[in-house]
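A.B. asks: Let me see the structure of the following:
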Amino acid sequence: MSPSRFIAFWVLVLTGGFVLPTSAADSPVLGSDEVYCYLVIPEKVSTSDLERVLRFVASNRRWVIESQEPGRTRILLNHRGVSSRVCFSYEGHTLVMSHESIGSDGHPVVPSRWLQALRRDIEEQFALKR
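C.D. replies: Residues are numbered from 1 along each chain as shown. I've put the predicted structure just below:
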């Protein structure tokens, strides 16, 4: 487990598994993606269940699945001049949601409502699995 995932795991354990949205100012950067939040994957959710949940949530919100490989799913949305890529990476019981989003002016943006909607939908699907 990488050091950043190890730290994320312990943050989740110590905070009781709350979702931890981060601001652009204090977000660690994964490549060019900004970490948006960490989610605890319930014990009963297998990797294949998680991948199905991510496909379901993405398609319901009209995101396009760019790629899905073991441990990582990437989705894309271009809407109203904003181009956004969300990356879900998962290992063990931690789901990391990061994004890279560019506005119509070419500057980075944070599409908060889009990200919150994805997070909420994933949490609802997790609740059904408990």
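
A.B. asks: So, low pLDDT: which residues of this protein?
C.D. replies: Residue ranges of the chain with pLDDT under 70: 1-32, 130.

A.B. asks: Which other helices and strands does the lengthiest helix in it contact?
C.D. replies: In the chain, assigned by DSSP state H, the helix with the most residues is helix 112-129. In terms of contacts (3 or more CB pairs under 8 Å, 6 or more residues apart in numbering; DSSP states H and E), helix 112-129 is packed against strand 33-40, helix 47-60, strand 82-91, strand 94-102. Just so you know, the C-beta spots here come from the backbone N, C-alpha and C atoms, and that holds for glycine as well.

A.B. asks: Next, format those as CSV and append distance to residue 118 and mean neighbour count.
C.D. replies: Output for these, formatted as CSV (distance: least, CB to CB, whole Å; neighbours: other CB atoms under 10 Å):
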stretch, distance to residue 118, mean neighbour count
strand 33-40, 9, 21
helix 47-60, 6, 16
strand 82-91, 7, 19
strand 94-102, 7, 21
